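Enquirer: quick one, fold the following:
(4 chains)
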2 protein chains.
Amino acid sequence: MAKVAFQPIRKESISEEIAAQVRKEILQGTYLPGEKLPSERELALAFGCNRTSVREALVRLQELGLVEIRQGAGVEVLDWRRAGEVDLLVHLLTTPDAQGKFDRKALWSVIEVAQTLYIRSAELAFQRMKPEEFARVEALLEKQLTLTNDIDAFMANDGEIHRAIFEGAHSVALQLLYNTFWQIFCEYSSPFRIFFEAELKQGDKSKVISYYRKALEIVKKRDAAAVRGLISEMFQPASPELFEKLVARLTF
Amino acid sequence: MAKVAFQPIRKESISEEIAAQVRKEILQGTYLPGEKLPSERELALAFGCNRTSVREALVRLQELGLVEIRQGAGVEVLDWRRAGEVDLLVHLLTTPDAQGKFDRKALWSVIEVAQTLYIRSAELAFQRMKPEEFARVEALLEKQLTLTNDIDAFMANDGEIHRAIFEGAHSVALQLLYNTFWQIFCEYSSPFRIFFEAELKQGDKSKVISYYRKALEIVKKRDAAAVRGLISEMFQPASPELFEKLVARLTF
DNA sequence: TAGATACAACTGGTCCAACCACCGGGCCAC
DNA sequence: GTGGCCCGGTGGTTGGACCAGTTGTATCTA
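Expert: Numbering: from 1, shown residues only, chains lettered A, B, ... in the order given. As a prediction, this is how the structure comes out:
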């Protein structure tokens, strides 16, 4: 086991690079809905690469609902507020606006929705989970309380706990929503990491630790009535004042 | 205006065709998570097309979180329950399982989540909409009551009403979620079309019409407390018994 | 002159063949 | 057991060619 948690490197392909650049321009409003992108051939020239790579990039953007590609007629920029897919969120949240400002309002809206979905998910999970599923959640929560010395394992197990809840709802839709929102969280995990590290050093006085204890108790008692409050508590660090502190630590 | 609402034809590109076929196989479990797809060259041979088209198709699947493409190592099938994006839902709902059976449970889970999101959205909208936004919703609702003779216009305006509510929440996340869920609804619109047509013929006795009347009143009174109940009523046709009737009319 | 027609320029769609970059496994020397 | 090396296979990228659809325009026709 390495002393440091090395991050696996990922080489961006040319088409991803191109997609990222064009996506940014569209999200920042350089290209307005209804306008046409330069032709594939022009883009290839501009990016100094092959047309094939440009095409792959455009296909990516089309999948996100950012553009519409029509043979013979060029590539039209769509209004992403009307046509954008949910998976656009993660890009939206990591793309500063034209003034280089970070979109706090968008992030806040995601937190808001995440909380709503989490509460609903937990409500359904408490109705639908089988004994062995409850047992698994209990086991994960107990494990979490033993991982206070390993921040990496702590955060990984944290993800598994949340996932178990969303899976417990026995809802494909919620499960996929979890995937998307978890991906967003991962992009933002750096400030949370610092937050958790500070918390864990406080040992028993830590609010985070006491939160997991409380969660474990509620799950053991199958106390469905207490779930809503518990989750609201979990989202407490996302309250406006703490929100600003977390945003200040973002690293992209 | 044409007598019939013609559907714009869209020619499927080869890469879309390939993506659809491979997606189906993955969703049906022909390829299990961890397995590798045939190489691009093999797929090109099998589909009788060029490798370029296969590559575009695979990029599409990667964007959905269905596969992971790694240079030199082939294309690995991922577990879409863990890695799939929300945008996968629309494909999941229109892909029968290996026995050719339609996945009712998945559709039900979508309806369930849609209701949750709609309620939350409306709650927020009632808190955040400005007078002109309320006025717009009122106008759309009033317009809806005049469109009882034009089913196409009726359904289009219906979409605008829902969109206005989701936009009223002033939440980018909810707005994009609306786009994705609306897209799913469009895939399923045929049974709803029949349902609405039958309702509209009943005139004032129609439950649907009375629903919009009630909605209009609630919006005019800014009666936020009544919203939850109203939306639950709207999702009433999705109750188990009617759900089966609607499913029976699906046409894909 | 108004409308229909034909054309030409442009755009995306597909294909081919070649080469580069990377992975994985097998082999070898240390 | 470790690291170095090679080799076959896989994805990544390239340039160029041609097909197919769109669009605006110049032209022809009534």
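Enquirer: how much space between the closest residue to A:L64 other than its chain neighbours and DNA strand C?
Expert: Residue nearest to A:L64 in three dimensions, not counting chain neighbours: A:L88, with 5.1 Å by Cβ to Cβ, 6 or more residues apart in numbering or on different chains. In short, each C-beta sits where N, CA and C put it, glycine included. A:L88 sits 21 Å away from DNA strand C, taking Cβ to the nearest atom of the strand, to the nearest Å as the criterion.
Enquirer: thinking A:L88 is in contact with B:L177, fair?
Expert: No - the criterion here is Cβ atoms under 8 Å, and A:L88 misses it with B:L177 at 10.7 Å.
Enquirer: for chain A, give me the ranges with low pLDDT.
Expert: A:1-4, A:237-239, A:242, A:249-252 (pLDDT under 70).
Enquirer: again, only using 50
Expert: The model of chain A has pLDDT under 50 over residues A:1-2.
Enquirer: measure the residue of chain A most remote from its centre to B:E12 for me?
Expert: When each C-alpha in chain A is compared with the mean C-alpha position (Cα atoms, centre = their mean), A:G72 comes out farthest, at 37.0 Å. For A:G72, the distance to B:E12 (Cβ to Cβ, to the nearest Å) stands at 16 Å.
Enquirer: what do you get for A:V75?
Expert: Counting by Cβ to Cβ, the gap from A:V75 to B:E12 is 18 Å.
Enquirer: ok, these two, which is more surrounded?
Expert: Between A:V75 and B:E12, counting by other Cβ atoms under 10 Å in any protein chain shown, A:V75 is the more crowded of the two (23 against 10).
Enquirer: nearest spatial neighbour of that one, skipping sequence neighbours?
Expert: Sequence neighbours aside, A:L37 is the residue nearest to A:V75 in space, at 4.2 Å (criterion: Cβ to Cβ, 6+ apart).
Enquirer: residues contacting that neighbour?
Expert: A:22, A:31, A:43, A:58, A:67, A:74-77 (Cβ atoms under 8 Å, 6 or more residues apart in numbering or on different chains).
Enquirer: and what of A:A224?
Expert: Counted by Cβ under 8 Å, 6+ apart, A:A224 has contacts A:123, A:126-127.
Enquirer: in the stretch 51-200 of chain A, what residue is nearest DNA strand D?
Expert: A:G72 (2.6 Å; Cβ to the nearest atom of the strand).
Enquirer: residue boundaries of the helices in chain A?
Expert: With DSSP state H, the ranges of helices along chain A come out as A:14-28, A:40-47, A:51-63, A:80-83, A:89-93, A:104-128, A:131-146, A:151-168, A:172-187, A:189-201, A:207-221, A:227-234, A:240-248.
Enquirer: okay if I get those helices as CSV plus mean neighbour count?
Expert: Shown next, in CSV, are those (neighbours: other Cβ atoms under 10 Å in any protein chain shown):
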stretch, mean neighbour count
helix A:14-28, 19
helix A:40-47, 15
helix A:51-63, 21
helix A:80-83, 18
helix A:89-93, 21
helix A:104-128, 20
helix A:131-146, 15
helix A:151-168, 18
helix A:172-187, 21
helix A:189-201, 15
helix A:207-221, 17
helix A:227-234, 16
helix A:240-248, 11
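Enquirer: Throw these into CSV and include distance to B:N149, thanks.
Expert: Putting the helices of chain A into CSV (distance: least, Cβ to Cβ, whole Å) gives the following:
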stretch, distance to B:N149
helix A:14-28, 40
helix A:40-47, 46
helix A:51-63, 37
helix A:80-83, 27
helix A:89-93, 40
helix A:104-128, 38
helix A:131-146, 51
helix A:151-168, 45
helix A:172-187, 35
helix A:189-201, 55
helix A:207-221, 54
helix A:227-234, 45
helix A:240-248, 49
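Enquirer: could you dump these into JSON lines with distance to chain B added?
Expert: As requested, the helices of chain A are exported to JSON lines (distance: least, Cβ to the nearest Cβ, whole Å):
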{"stretch": "helix A:14-28", "distance to chain B": "7"}
{"stretch": "helix A:40-47", "distance to chain B": "13"}
{"stretch": "helix A:51-63", "distance to chain B": "5"}
{"stretch": "helix A:80-83", "distance to chain B": "6"}
{"stretch": "helix A:89-93", "distance to chain B": "6"}
{"stretch": "helix A:104-128", "distance to chain B": "4"}
{"stretch": "helix A:131-146", "distance to chain B": "15"}
{"stretch": "helix A:151-168", "distance to chain B": "8"}
{"stretch": "helix A:172-187", "distance to chain B": "4"}
{"stretch": "helix A:189-201", "distance to chain B": "17"}
{"stretch": "helix A:207-221", "distance to chain B": "21"}
{"stretch": "helix A:227-234", "distance to chain B": "13"}
{"stretch": "helix A:240-248", "distance to chain B": "15"}
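Enquirer: which one of these lies closest to B:D103?
Expert: Smallest distance to B:D103 across the helices of chain A (Cβ to Cβ): 7.9 Å, for helix A:172-187.
Enquirer: from the rest of the structure, what touches that closest one?
Expert: A:86-87, A:89-90, A:93-94, A:110, A:114, A:117, A:120-121, A:124, A:159, A:162-163, A:166-167, A:169, A:192, A:252, B:65, B:81-86, B:88-89, B:92, B:103, B:105-106, B:109-110, B:112-113.
Enquirer: one more: stretch A:90-103?
Expert: With Cβ under 8 Å, 6+ apart, stretch A:90-103 has contacts from A:23-24, A:27-30, A:64, A:106-107, A:110, A:180, A:183-184, A:187-188, A:247, A:250, A:252, B:172, B:176.
Enquirer: mind redoing it with 10 Å?
Expert: Residues outside stretch A:90-103 that contact it (Cβ atoms under 10 Å, 6 or more residues apart in numbering or on different chains): A:19-20, A:23-30, A:64, A:66, A:80, A:84, A:88, A:104, A:106-107, A:109-110, A:180-181, A:183-188, A:247, A:250, A:252, B:85, B:172-173, B:176.
Enquirer: stretch A:46-59 now?
Expert: Residues from elsewhere that reach stretch A:46-59 (Cβ under 10 Å, 6+ apart): A:13-23, A:37-45, A:66-67, A:69, A:75, B:13, B:15-16, B:19, B:52, B:55-60, B:63.
Enquirer: can you narrow those residues down to the ones near DNA strand C?
Expert: A:37, A:39-42, A:69, A:75, B:13, B:15, B:52, B:56 (Cβ under 7 Å from any atom of the strand).
Enquirer: which among those residues are in contact with DNA strand D?
Expert: Within these, those near DNA strand D by Cβ under 7 Å from any atom of the strand are B:T52.
Enquirer: how about the ones next to DNA strand C among the contacts of stretch A:46-59 in TSV, adding distance to B:E142?
Expert: Listed next are these as TSV, based on distance: Cβ to Cβ, whole Å:
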residue	distance to B:E142
A:L37	39
A:S39	45
A:E40	46
A:R41	50
A:E42	47
A:I69	38
A:V75	39
B:S13	42
B:S15	45
B:T52	52
B:E56	46
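Enquirer: from the ones next to DNA strand C among the contacts of stretch A:46-59, which single one is nearest B:S210?
Expert: Nearest to B:S210 among those, with distances taken as Cβ to Cβ, is A:I69, at 44.0 Å.
Enquirer: count of neighbours near the closest one?
Expert: By the criterion of other Cβ under 10 Å, A:I69 has 16 neighbours.
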